[in-house]
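Student: the sequence and its predicted three-dimensional model are supplied below.
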Number of protein chains: 2
Amino acid sequence: MLIDSLLKKDKRAAARLISQIENGTADADTLKTLHEKSNNVHIVGITGPPGTGKSTLVAALTKEYRKAGKNVGILAIDPTSPFSGGAILGDRIRMTELTMDEGVFIRSFATRGYSGGLCAAVLGAVKVLDVYGMDVVFIETVGAGQDEVDIYKIAHTNVVVISPGSGDDIQILKAGILEIADIFVVNKADHEGAGRVAIEIESGLETKKDWKSPVLKTVALKDEGINEVLKAIEQHYDYLKSADELALRDRRRTEFEITELLNAELRKRLELKHGSEYSKLIDEVIAKKRDPHSTAREMLRRLAG
Amino acid sequence: MLIDSLLKKDKRAAARLISQIENGTADADTLKTLHEKSNNVHIVGITGPPGTGKSTLVAALTKEYRKAGKNVGILAIDPTSPFSGGAILGDRIRMTELTMDEGVFIRSFATRGYSGGLCAAVLGAVKVLDVYGMDVVFIETVGAGQDEVDIYKIAHTNVVVISPGSGDDIQILKAGILEIADIFVVNKADHEGAGRVAIEIESGLETKKDWKSPVLKTVALKDEGINEVLKAIEQHYDYLKSADELALRDRRRTEFEITELLNAELRKRLELKHGSEYSKLIDEVIAKKRDPHSTAREMLRRLAG
């Protein structure tokens, strides 16, 4: 069984299990075991518009975590990420170094075409990496589409990455990302306008409970400021634990997971039934013999049976 | 009853009914009657990035339809639309002229905060305007968020509006809008680069069945090329009717409506039950006494009962 190999820290088994989860072919017992055995990984969301250097930051952070003897998983949902193969050569070489490391696991996800839902697949992958023995999992996302926005519900710690002059700063503040950010990183801090961006963010911040989201400057390409980000991520994790916030976020993630699975199950059943008995119901709605509201309730009743 | 007033062509009743549908307070009988009585309106989607002049085009088209004695409904889902109050003064004055006309009905929708789903609310509004006696309903949308993208499933005829120099042309071609467009409009055709944009689109087009999507140039602000767009919209409607495509699109819309209502019903039931019996299930998942997959199926069973 793949799950046994995974428990013996087989990296290929991890990769194959994640593929099974993506494709919806993982069996119920495996999923059950994954859930039972997973509970220790620190889930860190890295969100921000394309071009702000999220992947470079993740790569730099990963090297820093490795120096401290920690194992790191990277899940890239950003289609423009070099982890997803969507970047310039120099970046890719840097990423390749990481893939050679046994203590690092990298996986990229397409943003479309998951009948089971992207978030459900990512949640499954996090568990695989948890059981595999990772200490931290980074989830890199642009936070633009609906699925990508929801990723924040999965993470314990949400890092929002902005860069000066990207023209995206104001857009981001609008999009409500301020509220989800536990840590801000102004990357490319050697570029003009970095100070202004940092001030803009700080002026818009409200203290959430006992945690004040820090605004940190980095030059990820030169490994500048990376250790400070690592420290902030760890401090936030400590804060979550001490303030019982960790349990709240685990609960949020679990509720989200169940809702996603519930919707996926419903979609699956709907597709299976399509063209058969539902075709007749839809015909009747079109012919005005039924109305869509009561038909939707009737279909829900039949699908759940 | 509001529905009786609507059948007597009371414009205020139409507005109030749409509000009830938005808020989820419309009663079952009213929704049933709306469905039974609606079947005649031509639904036209107007999609394109902000700044391409979609609203100006809709306003110009509306005036043209009015000249031909047709009644027109306008549903604006674009938050940057002047119909939604998000525009410069000159535009708003132009829109105000339309609102004074008894044969025109304008309504804007927020893009967030519909527990019942934005698309379901828009589908309901279309039926209200159908029963009210409109000949055509324009649905203006930016086609960016997931909900807005799905709007194309509602329309019989999808018009995609682009303007030169918006820098959005290539983005759009990427986003798969090519496939949904029945008619392309290059607005602001008096701006530099309009010819190039038109050629780019035409070179990327494939003939879908027997309909070749025309690429038309307009200067909506000066009412130039508007009648040609109106003719293309009418021709497309005739094509749909003659090729039995109209029935296929009505079916697509009905299937979409039922799926949206089904999901909305599930969400509603989930919210109602939240904090009570499901809280215990979620506790058990967190405590590893249950796994999320089987719990999702269990919840689906209970919710549908």
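Tutor: Great, that's in hand.
Student: quick one: the strands in chain A?
Tutor: Along chain A, counting by DSSP state E, strands occupy A:42-47, A:72-76, A:104-108, A:136-141, A:157-162, A:183-186, A:215-217.
Student: I'd like those as a markdown table, with distance to chain B, mean neighbour count and mean pLDDT appended.
Tutor: For the C-beta atoms, the positions are set from N, CA and C on the backbone; glycine is no exception. Output for these, formatted as a markdown table (distance: least, Cβ to the nearest Cβ, whole Å; neighbours: other Cβ atoms under 10 Å in any protein chain shown; pLDDT from 0 to 100):
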| stretch | distance to chain B | mean neighbour count | mean pLDDT |
| --- | --- | --- | --- |
| strand A:42-47 | 15 | 26 | 95 |
| strand A:72-76 | 18 | 26 | 94 |
| strand A:104-108 | 19 | 21 | 92 |
| strand A:136-141 | 15 | 27 | 94 |
| strand A:157-162 | 19 | 26 | 93 |
| strand A:183-186 | 24 | 26 | 94 |
| strand A:215-217 | 27 | 20 | 96 |
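Student: mind putting the ones you listed in a markdown table, distance to residue A:224 included?
Tutor: A markdown table is the format used below for these (distance: least, Cβ to Cβ, whole Å):
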| stretch | distance to residue A:224 |
| --- | --- |
| strand A:42-47 | 17 |
| strand A:72-76 | 20 |
| strand A:104-108 | 22 |
| strand A:136-141 | 19 |
| strand A:157-162 | 14 |
| strand A:183-186 | 12 |
| strand A:215-217 | 8 |
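Student: ok, which of the ones you listed comes nearest residue A:253?
Tutor: Evaluated over the strands of chain A, closeness to residue A:253 peaks at strand A:42-47, with 7.7 Å, by Cβ to Cβ.
Student: ok, residues contacting that closest one?
Tutor: A:54, A:57-58, A:126, A:135-143, A:148, A:151-152, A:154-161, A:177, A:180-181, A:233, A:237, A:253 (Cβ atoms under 8 Å, 6 or more residues apart in numbering or on different chains).
Student: and if you look at stretch A:283-301?
Tutor: Applying Cβ under 8 Å, 6+ apart, the external contacts of stretch A:283-301 come out as A:266, A:270, A:278, A:281-282, B:28, B:31-32, B:35-36, B:39, B:250-251, B:254, B:257-259, B:261-262, B:264-266, B:303-305.
Student: over to stretch A:217-227?
Tutor: With Cβ under 8 Å, 6+ apart as the contact definition, stretch A:217-227 has outside contacts at A:53, A:56-57, A:59-61, A:63-64, A:185-190, A:194, A:198, A:216, A:228-229.
Student: among the residues you listed, name the ones in helices.
Tutor: Among the contacts of stretch A:217-227, the members found in helices (DSSP state H) are A:56-57, A:59-61, A:63-64, A:194, A:198, A:228-229.
Student: wait, what's in contact with residue A:7?
Tutor: Counting by Cβ under 8 Å, 6+ apart, residue A:7 has contacts A:37, A:131.
Student: residue B:292 versus that one, what's the distance?
Tutor: Distance, residue A:7 to residue B:292, by Cβ to Cβ, to the nearest Å: 20 Å.
Student: cool, and residue A:32?
Tutor: 9 Å.
Student: look at the two and report which has more neighbours.
Tutor: In this view residue A:32 and residue B:292 are compared by other Cβ atoms under 10 Å in any protein chain shown, and residue B:292 has more residues nearby, 28 against 17.
Student: tell me the pLDDT at the more buried one?
Tutor: For residue B:292, the pLDDT comes out at 91.
Student: same check, this time on residue A:177
Tutor: 68.
Student: repeat for residue A:263
Tutor: On pLDDT, residue A:263 comes in at 83.
Student: distance of it relative to residue A:296?
Tutor: Distance from residue A:263 to residue A:296, by Cβ to Cβ: 15 Å.
Student: compare the two (neighbour count), which wins?
Tutor: Per other Cβ under 10 Å, whichever of residue A:263 and residue A:296 has more neighbours is residue A:296, with 23 against 20.
Student: please name the nearest non-neighbouring residue to that one.
Tutor: Nearest residue to residue A:296, sequence neighbours excluded (Cβ to Cβ, 6 or more residues apart in numbering or on different chains): residue B:261, at 3.6 Å.
Student: try residue A:123
Tutor: Nearest residue to residue A:123, sequence neighbours excluded (Cβ to Cβ, 6+ apart): residue A:257, at 5.1 Å.
Student: what sits against the one you found?
Tutor: Counting by Cβ under 8 Å, 6+ apart, residue A:257 has contacts A:119-120, A:123, B:292.
Student: ranges for the helices of the stretch 201-305 of chain A?
Tutor: Remark: helices assigned in the stretch 201-305 of chain A by DSSP state H, counting those that start in this stretch are A:226-242, A:245-273, A:277-286, A:292-304.
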